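[1] sequence plus predicted model, see below.
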Amino acid sequence: MSIVVDPVAGTAHHAASPPGVDARTDADARWLARAVELATANVSEGGGPFGAVVVADGVEVAVGQNRVTRDLDPTAHAEVQAIRAACRATGTFALDGMTLYTSCEPCPLCLAACLWARLDRVVFSADRQDAARGGFDDSAFYELFARDRATWDRTRVVARRVPGSTDPFDAWLAHTARTAY
Ligand SMILES: [Zn+2]
C-alpha cells in the first residue's frame with residue numbers, strides 16, 4: 001500500500017510526464033472538480049463546505065459531504081462520509097486500489113481514516129490554510145499534534161494504566177477466528 005497525498009496543483013506529475021497530456025492528472029482534476037462541486041452545494045444544504053469522492057478504476061464508488069451540524073456528528077466529515085459510503089457500497093472495510101478525492105486537504109481525523117481505509121491515493125485541492133481562512137481548525141490541529149500533549153489546553157489526553165489494560169489484546173490474539181484489519 002502506498003498513500004500519496006498530492007495536491008493536483010503540485011508539479012510532481014508534470015515533471016515526471018512527457019510534454020502534453022498527463023492522463024492521470026486530467027482525471028484527478030475532473031474528480032477534484034466533482035468534490036469541489038459537492039462541497040459548494042453542501043453549503044446551501046446546511047452542511048460544511050467540504051465534499052469528497054471515492055473512485056475505483058475511473059468509476060465513482062461513493063460521495064460524501066460534511067454532515068457535522070446536520071447530523072450532530074463531529075466526525076461526519078466529507079472524507080469519513082465518503083469512506084463509510086464506499087465501504088457500504090462495496091461490502092468491505094478496506095478500500096485498496098481506490099482513490100479518495102477531497103475538496104480540501106484532509107484534517108488529521110480524515111487523514112487517519114484514509115490510512116485505516118487502506119486507500120491507495122488521497123488527492124486534495126484547497127489546503128489547510130484555505131480551511132483556516134474559512135474558520136476551520138484543520139491547520140490548528142496539525143500544529144497541536146506536533147506539540148507535546150502536556151501543553152494541550154483544550155482537550156487533555158491522559159494515559160493511566162489500570163489492571164487488565166492489555167486484556168482486550170490478549171483476548172483478541174487468543175480469538176483464532178478474528179478478522180484482522
Ligand atoms: Zn476531516
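    Received, thanks.
[2] so for P7, what's the pLDDT?
    As summarised for this prediction, P7 has a pLDDT of 50.
[3] kindly report the same for the one 4 residues further on.
    Looking at T11, its pLDDT reads 40.
[4] then the one 10 residues further on?
    pLDDT recorded at V21 is 58.
[5] not counting residues beside it along the chain, what's closest to V68?
    If you skip the residues right next to it in sequence, V68 has A76 as its closest partner in space, 5.1 Å away by CB to CB, 6 or more residues apart in numbering. The C-beta positions use only the backbone N, C-alpha and C, and glycine is treated the same way.
[6] now do the SS call for that neighbour.
    Here A76 is coil, with the state taken from DSSP: H, G, I helix; E, B strand; the rest coil.
[7] neighbours of it, how many?
    The burial metric for A76, expressed as a neighbour count using other CB atoms under 10 Å, is 19.
[8] residue contacts, it?
    Applying CB atoms under 8 Å, 6 or more residues apart in numbering, we find A76 in contact with N66, R67, V68, R70.
[9] okay, the residue nearest in space to the middle of the chain and the ion: tell me how far apart.
    In the chain, the C-alpha nearest the mean C-alpha coordinate belongs to C110, at 3.4 Å (CA atoms, centre = their mean). Distance, C110 to the ion, by CB to the ion, to the nearest Å: 3 Å.
[10] pull the longest helix from the protein.
    Of all the segments of type helix in the chain, defined by DSSP state H, the longest one is helix 23-44.
[11] contacts for that one next, please.
    Surrounding helix 23-44, the residues in contact under the criterion CB under 8 Å, 6+ apart are 8, 13-14, 17, 48-53, 55, 58, 60, 63-66, 78, 99, 101-104, 123-126.
[12] out of those, which are buried?
    8, 48-53, 55, 63-66, 78, 99, 101-104, 123-126 (16 or more other CB atoms under 10 Å).
[13] please, which helix or strand holds A132?
    Element membership for A132 (DSSP states H and E) is helix 128-133.
[14] just the buried residues of the following helix or strand past that helix, please?
    The element immediately downstream of helix 128-133 (helix or strand, assigned by DSSP H and E) is helix 138-145. Residues of helix 138-145 classed as buried by neighbour count (16+ other CB under 10 Å): D138, S139, L144.
[15] export these to JSON lines and tack on pLDDT and distance to the ion?
    Listed next are the buried residues of helix 138-145 as JSON lines, based on pLDDT from 0 to 100; distance: CB to the ion, whole Å:
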{"residue": "D138", "pLDDT": "94", "distance to the ion": "7"}
{"residue": "S139", "pLDDT": "95", "distance to the ion": "12"}
{"residue": "L144", "pLDDT": "96", "distance to the ion": "14"}
